[in-house]
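# Here is my input; please provide its structure:
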Amino acid sequence: MARLAALARRADLFARYAPWTAFLLGALQSLAFAPFELAPLGPGCLALLWLLWRGVLPRRAAAIGFGFGAGLFLAGTYWLYTSIHVFGKAPLALAILLMLGLVAIMGAYAALLGWLLARYAPARGHWRELALTPAAWVLMEWFRGWFLSGFPWLAIGYSQLDTPLAGFAPLVGVYGVSFAAAVTAGALVTALDGRRAARLWPLALVALLWASGFALTRVDWTRPSGAPLTVAIVQGAIPQDLKWLEDNREHTLEVYRGLTQQALGARLVIWPESALPMLYHEAVPVLAEIYRDARARGSDLVLGLVRYDFQNAQYRNGLVALGDEEEWYYKRRLVPFGEFFPVPPFVRAWMRLKSLAYVDFMAGAADQGPLDAAGQKLGATICYEDAYAVEQLEVLKSATLLVNVSNDAWFGDSTAPHQHLQITRMRALEAGRWMIRGTNNGVSALIDPHGRVAARSRQFEPEVLKGSVVPYSGLTPYARWRNGPVLGTCLGLLALGALRRRRAAAR
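Below is the predicted model of the structure:
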């Protein structure tokens, strides 16, 4: 009896601190993503979360889910503090409030999931671990990726980019890879149960899943559609806290002039997001000089610049292609509290008193086509737009190359630029296209259609990254079907689970 009582006390102690255990597991799972890329922690930490959720009451399951989600996003997106306070100059209290607010929202998604599983799913068993929980997890990732503008960062599929599971990305996208990782987690849990035969078949399922993913990595879903062309990415590496200072403007112009002269001769020259500390119309004299030199040496320019729309009296974050004609792409997904401010008028008045940026940018149209440059069709995204996978698929019907320009200088020497590169690699893999990624201070990169980095820049150093890329055509299955197959599968599994529950209740 004394031994049973001791075990009961230990179990009670574990249950009491289970949310904090989940918090640590979530923080540990952040190491599965770049730059650490400890991929086994992705499904491994999920498996331990599944165990914590077993057989607990809905309220406790919600607390455990909140702990896991909060730990993951606090450790995984701590760099928000740097962008908001260090470079954004927001007051410390406001920066902490916004960062913790996002962490709380992300934790709330996992809390709701835990509550629903505890309330409606079986307490344990193969059906729960291998079907219901993975399906529900993926639907949660998808939902938080678009609801109220969404924040699709740290989907578990990204952590598997360098594993055999990445082979599923061109078929079912990052959420399909997330589903495969979640099923792997469920198999690890069910392998702990029952007799030997009951343990072996889930592991055999995972072996089949991973072998299939490995085989799919050998498949080419798209095809070359032209000769290779040379590319040069100009990375000015101007520190964010110096970039917009009036005294530093001439130095920035000289850096970009000099680096661009080194880049000319490449068929396509790329500048990063908002490369110059001035508006487009202010930079016309500088650009005219660079454009003349570029045309003389056979180069087309694609430049990230901020443009003032005089007709609408609005600022736009844009990417201009200067080839035979001038073409613009305008950023569609604006950053909350960075490029637009969803706050009431009295808060804007306070922001003016605090000398904080408070002017909203104007979003670009949702149906913008590719840019014409260097004889190619460029599917463009700016900054974190490339985290929204579905939104770049329509342009693949005509785009032969992908271009993403970004200003990751906002995040300093943190994990954010590496996480962003990982996301960009996934977009190249899903699309079956070369991706040209130009950033202000690294990591600039050339990424092949299999999501592999063919060339990359150093961080925080002025550099011209040169290489060659190949135009591609054709559509991957994911580009055709988008998220339909994986979402349909997940919803179907949950519907089947509801039907099983109803039949069990009737019996």
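# got any ranges where the stretch 1-150 of the chain has weak pLDDT?
Residues of the stretch 1-150 of the chain meeting the criterion pLDDT under 70: 1-15.
# for it, what spans make up the helices?
Under the criterion DSSP state H, counting those that start in this stretch, the stretch 1-150 of the chain contains helices at 2-16, 18-29, 41-53, 58-76, 80-81, 92-120, 126-127, 133-144.
# and stretch 167-181, C-alpha only, in PDB?
The C-alpha coordinates for stretch 167-181 follow below in PDB (Å, rounded to 0.1, in the frame of the first residue of the first chain):
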ATOM      1  CA  GLY A 167      10.000  14.000 -50.700                       C
ATOM      2  CA  PHE A 168       6.300  14.600 -50.000                       C
ATOM      3  CA  ALA A 169       6.500  18.400 -50.300                       C
ATOM      4  CA  PRO A 170       6.100  18.600 -54.100                       C
ATOM      5  CA  LEU A 171       3.000  16.400 -53.800                       C
ATOM      6  CA  VAL A 172       1.200  17.800 -50.700                       C
ATOM      7  CA  GLY A 173       3.200  20.800 -49.500                       C
ATOM      8  CA  VAL A 174       4.600  21.600 -46.200                       C
ATOM      9  CA  TYR A 175       1.400  20.600 -44.300                       C
ATOM     10  CA  GLY A 176       1.700  17.200 -46.000                       C
ATOM     11  CA  VAL A 177       5.200  16.900 -44.600                       C
ATOM     12  CA  SER A 178       3.800  18.000 -41.200                       C
ATOM     13  CA  PHE A 179       1.300  15.200 -41.400                       C
ATOM     14  CA  ALA A 180       4.000  12.600 -42.100                       C
ATOM     15  CA  ALA A 181       6.000  13.900 -39.200                       C
END
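# got the buried residues for that stretch?
Residues 167-181 are the ones in stretch 167-181 that count as buried (16 or more other CB atoms under 10 Å). All C-beta spots, glycine's among them, are computed from the backbone N, C-alpha and C.
# These in helices, which ones?
Using DSSP state H, the subset of the buried residues of stretch 167-181 located in helices is 169-181.
# Now for those: which two are most distant?
Put simply, by CB to CB the two of those set farthest apart are 170 and 181, 16.5 Å from each other.
# mind showing which ranges of the stretch 201-350 of the chain have poor pLDDT?
337-338, 342-350.
# contacts for stretch 304-314?
The contact list for stretch 304-314 (CB atoms under 8 Å, 6 or more residues apart in numbering) reads 271-276, 278-281, 283, 315-320, 328, 330, 360-362, 382, 405, 407, 438.
# Alpha carbons only: can I get that stretch in CSV?
Taking C-alpha atoms only, stretch 304-314 is exported to CSV below (Å, rounded to 0.1, in the frame of the first residue of the first chain):
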residue,chain,number,x,y,z
GLY,A,304,13.7,46.2,-54.1
LEU,A,305,12.6,49.8,-53.4
VAL,A,306,9.9,51.7,-51.6
ARG,A,307,7.7,53.7,-53.9
TYR,A,308,5.3,56.6,-53.1
ASP,A,309,2.1,56.3,-55.1
PHE,A,310,1.2,60.0,-55.7
GLN,A,311,-2.2,59.1,-57.2
ASN,A,312,-3.4,57.3,-54.1
ALA,A,313,-1.1,59.1,-51.6
GLN,A,314,0.2,55.8,-50.3
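# what's the spacing between that stretch and its chain's center?
From the chain centre to the centre of stretch 304-314 is a distance of 27 Å (CA atoms, centre = their mean, to the nearest Å).
# What segments of this structure are strands?
223-224, 229-235, 268-270, 300-309, 314-322, 326-330, 371-373, 376-382, 401-406, 435-439, 445-447, 453-456, 463-469, 472-473 (DSSP state E).
# Put together CSV for those, with distance to residue 215 and mean neighbour count on each row.
Listed next are the strands of the chain as CSV, based on distance: least, CB to CB, whole Å; neighbours: other CB atoms under 10 Å:
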stretch, distance to residue 215, mean neighbour count
strand 223-224, 19, 13
strand 229-235, 31, 24
strand 268-270, 34, 28
strand 300-309, 37, 22
strand 314-322, 37, 22
strand 326-330, 37, 18
strand 371-373, 36, 22
strand 376-382, 28, 25
strand 401-406, 25, 28
strand 435-439, 24, 28
strand 445-447, 22, 24
strand 453-456, 23, 16
strand 463-469, 26, 19
strand 472-473, 21, 20
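# thinking again about what came up before, same list, the helices of the stretch 1-150 of the chain, but as a markdown table with distance to residue 158 and mean neighbour count please.
Output for the helices of the stretch 1-150 of the chain, formatted as a markdown table (distance: least, CB to CB, whole Å; neighbours: other CB under 10 Å):
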| stretch | distance to residue 158 | mean neighbour count |
| --- | --- | --- |
| helix 2-16 | 31 | 10 |
| helix 18-29 | 12 | 21 |
| helix 41-53 | 9 | 23 |
| helix 58-76 | 11 | 24 |
| helix 80-81 | 18 | 22 |
| helix 92-120 | 15 | 19 |
| helix 126-127 | 27 | 18 |
| helix 133-144 | 10 | 22 |
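# can I get those helices in a markdown table with distance to residue 397?
Shown next, in a markdown table, are the helices of the stretch 1-150 of the chain (distance: least, CB to CB, whole Å):
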| stretch | distance to residue 397 |
| --- | --- |
| helix 2-16 | 53 |
| helix 18-29 | 36 |
| helix 41-53 | 33 |
| helix 58-76 | 34 |
| helix 80-81 | 35 |
| helix 92-120 | 33 |
| helix 126-127 | 40 |
| helix 133-144 | 23 |
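# Can you check which of those gets nearest to residue 207?
The nearest among the helices of the stretch 1-150 of the chain, by CB to CB, is helix 41-53 at 13.7 Å.
# Could you list every helix and strand that that closest one packs against?
The contact analysis (3 or more CB pairs under 8 Å, 6 or more residues apart in numbering; DSSP states H and E) places helix 41-53 against helix 18-29, helix 58-76, helix 92-120, helix 133-144, helix 169-190.
# where's the third one relative to the chain centroid, distance-wise?
For helix 92-120, the distance from its own C-alpha centre to the chain's C-alpha centre is 19 Å (CA atoms, centre = their mean).
# just the angle between it and helix 41-53, please?
For helix 92-120 against helix 41-53, the angle by axes from the mean of the first three to the mean of the last three CA atoms, to 10 degrees is 60 degrees.
# still on that earlier bit, pick out the most distant pair among the buried residues of stretch 167-181.
Using CB to CB, the buried residues of stretch 167-181 span at most 16.5 Å, a distance reached by 170 and 181.
# just to revisit the earlier point, need the ones in helices among the buried residues of stretch 167-181 in a markdown table with pLDDT and distance to residue 368, can you?
Listed next are those as a markdown table, based on pLDDT from 0 to 100; distance: CB to CB, whole Å:
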| residue | pLDDT | distance to residue 368 |
| --- | --- | --- |
| 169 | 98 | 25 |
| 170 | 98 | 24 |
| 171 | 98 | 27 |
| 172 | 98 | 26 |
| 173 | 98 | 21 |
| 174 | 98 | 23 |
| 175 | 98 | 25 |
| 176 | 98 | 27 |
| 177 | 98 | 28 |
| 178 | 98 | 28 |
| 179 | 98 | 31 |
| 180 | 98 | 33 |
| 181 | 98 | 33 |
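# Understood, closing this out.
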